[in-house]
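**Student:** sequence and computational prediction follow.
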Amino acid sequence: MLNAGIAADSYTFSCILKCFAASGSVKNGEWLHGYLLKLDLAACSCSVVNSLLSFYAKVGRVESARKLFDELPQRDVVSWNSMISGYVANGGSEEGLEVFKEMTSSGTKPDIFTLSAVLHACASSGSLESGKSVHNYITGQGLESNLFVCNALMDMYAKCGSMEDASLVFSQMPVKDIISWNTIIGGYTKNDLPNEAVHHFATMVSGKWEPDGRTISCILPACASLSALNMGRQIHCHVLRNGHHLSDDRHITNALVDMYIKCGALVLARSLFDTMIPSKDLVSWTVMIAGYGMHGFGKEAIRAFEEMRRDGIKPDGVSFISVLYACSHSGLVNEGWRFFNIMQKECKIEPSLEHYACMVDLLSRSGKLQMAYEFIKGMPIKPDATIWGALLCGCRIHHDVKLAERVAEHVFELEPENARYYVLLANIYAEAEKWEEVKELRVKIGRRGLKKHPGCSWIEVKGKVHVFVAKDGSHPEVRKIEALLRKVREGMKKEGFSPKLRYALMNGDDLEKEMALCGHSEKLAMGFGILNLPPGKTVRVMKNLRVCRDCHEMAKFMSKTTGREIILRDSNFFHHFKDGSCSCRGFW
DNA sequence: ATAGGGTTAG
């Protein structure tokens, strides 16, 4: 065009800059910038300058954008907006908020584009405080009903962890669109409120809204965390019914594979994973590797990791966490060390706190408690409570009270308000029959007013979820279940399996301890499943905390005597019981 | 006909 002697106008330049931005052609854009300077066109056309600003932001040259922005003789609202969103898109939330302040004090009135960029900045820096002040500003401007603004507000509140505020915005919106629904559902899912997510999904569907791919990707992790296999299956059916535009979406398939894994359906997950030829990406592999780890198949996890690398996919930090966890859950200490080294030396990935936590977990689970302690001491970054907590868990498994006390000091100093760790130490004392120390800790928990999560287990039978809490006799069939469990216990004793009384975690005589063990929620749920599910059907039980060792023994025994498979999902691991043994082979 | 915005999977 230029060679033909046809003069380009500002529209031409805007179009071509958009092209350069989309293809990431930094050189071409910079050349055009120089060309425009010679023509002095940049000075007279706001739209061209703003195109240039947006070009620099999109190719990640936010410094060049800033330089151009600073030299502008006049700025309109789009210039300000481009500068703010340029910063935000390149990880400069703080700078974006600074520019916003400059903008308001310079007398340029922010519009809804400005506000969504600024809200995005608050969201990615996770600062609820600045988000709220922007919300106040929005209300002052009378923009609190605008659809775009509300969607951005909800997303900001969700990312800052306040679903109360997000749902308040949602409920007051005069008009909603699919993005509003996706944002609120995804917000609940990410903030670990899966029941709320499911509730909103149900409301959405019954309100004649058609879920799209994003909705599906938002709701599946909620099914996964609830272990709601039937609901997950129904959503999978919806995806299949709605044809290619949904089922070809890799986000959805990856989320489906993850859902099946976390619902205990590893075989289904693997066959779906296998259909993803050749479109498996890093996330697909990571999900599968983590899945094998969670189900106790460490060797398969390693095989998958190596297959992924052979396929030319470069592992990232998250995929290393998956493989390290898999090693730790299967007691593969040497392999774990190997991957920890590969990660740093070959892949040049700096280990994060999570990687260190995996290593501590790996060492302490396999009984190398002292080594784990030294490992923590030698960390180049400051260990947090989860790191020390992993070692504390190891101390419990291997009954090391002395080390536990030293470790607990670190944990309590770092997270004095987390009841979990006090309970953990109390359990360690209880298992060692140190009742005075147990009492002291209970007093401490009470004095601090801390709330601990009661253990509970649940099971789905005929479409209904039955929840059991330890020692809770409220379920109508609890007498029948207890009778069954007593019979199982007698059978176990006859074959020489005595009850693991130390896990009763109470001071008393043997009979009292046996009674307490019998009331554990996972036993009640398993017993209920055996009594109410058709013969031969797999019993799938979920528990919010870790499985008790005595319950683990009993599950093994019952899988043999009833000829049923039992799948027990606890807070982070699956146990598959079959013919008297468990897939975890003692590691968990 | 020209520049800027909101929601997904590990």
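**Tutor:** Noted; the coordinates are in hand.
**Student:** can you name the helix or strand that the closest residue to residue A:551 other than its chain neighbours falls in?
**Tutor:** Taking Cβ to Cβ, 6 or more residues apart in numbering, and ignoring the residues beside it in sequence, residue A:551 has residue A:522 as its nearest neighbour in space, at 4.8 Å. In this view, the C-beta of every residue, glycine as well, is placed from N, C-alpha and C. Take DSSP states H and E as the rule and residue A:522 turns out to sit in helix A:521-532.
**Student:** next: residue A:83.
**Tutor:** Counting by DSSP H and E, the secondary-structure element that holds residue A:83 is helix A:77-89.
**Student:** so what's the gap between that helix and the chain middle?
**Tutor:** 31 Å (Cα atoms, centre = their mean, to the nearest Å).
**Student:** quick one: mean pLDDT over the helix or strand just after it.
**Tutor:** Sequence-wise, the next helix or strand downstream of helix A:77-89 (DSSP H and E) is helix A:93-106. Within the predicted structure, the mean pLDDT of helix A:93-106 is 94.
**Student:** hang on, the earlier thing: surely the residue nearest to residue A:551 meets residue A:457?
**Tutor:** Yes - in this structure, residue A:522 sits in contact with residue A:457. The criterion is Cβ atoms under 8 Å, and the distance is 4.5 Å.
**Student:** so those two - more neighbours on which side?
**Tutor:** When residue A:522 is set against residue A:457 and neighbours are counted by other Cβ atoms under 10 Å, the residue ahead is residue A:522, at 30 against 27.
**Student:** give me the pLDDT value at the spatially closest residue to residue A:530 that is not a sequence neighbour.
**Tutor:** Distances taken as Cβ to Cβ, 6+ apart put residue A:562 closest to residue A:530, at 5.8 Å, once the chain neighbours are dropped. The score at residue A:562 is 96. That number is its pLDDT.
**Student:** is it true that residue A:562 touches residue A:531?
**Tutor:** No - contact status for residue A:562 versus residue A:531: not in contact, 10.4 Å apart, counting by Cβ under 8 Å.
**Student:** name the residue of the stretch 51-200 of chain A that lies nearest to DNA strand B.
**Tutor:** Minimum separation of the stretch 51-200 of chain A from DNA strand B (Cβ to the nearest atom of the strand) falls at residue A:148, amounting to 2.7 Å.
**Student:** wait, that residue touches residue A:117, no?
**Tutor:** No - contact between residue A:148 and residue A:117 fails when scored by Cβ under 8 Å: they sit 11.0 Å apart.
**Student:** of these two, who's got more company?
**Tutor:** For residue A:148 and residue A:117, the more surrounded residue by other Cβ under 10 Å is residue A:117, and the numbers stand at 24 against 15.
**Student:** in which helix or strand would I find that one?
**Tutor:** Going by DSSP H and E, residue A:117 is part of helix A:112-125.
**Student:** that helix near DNA strand B at all?
**Tutor:** Yes - counting by Cβ under 7 Å from any atom of the strand, DNA strand B has neighbours in helix A:112-125: A:112-114, A:116-117, A:120, A:123.
**Student:** in contact with residue A:548, which residues?
**Tutor:** With contacts defined as Cβ atoms under 8 Å, 6 or more residues apart in numbering, the neighbours of residue A:548 are A:503, A:517, A:520, A:522.
**Student:** pick out the most distant pair among these.
**Tutor:** The most widely separated members of those are A:503 and A:522, with 11.7 Å between them, by Cβ to Cβ.
**Student:** tell me, how many residues neighbour the one residue in the stretch 401-550 of chain A that gets nearest to DNA strand B?
**Tutor:** Scanning the stretch 401-550 of chain A for proximity to DNA strand B using Cβ to the nearest atom of the strand identifies residue A:542 as nearest, at 17.3 Å. By the criterion of other Cβ under 10 Å, residue A:542 has 25 neighbours.
**Student:** the strands in chain A, which residues?
**Tutor:** Counting by DSSP state E, chain A has strands at residues A:456-461, A:464-469, A:539-543, A:566-569, A:574-578, A:581-582.
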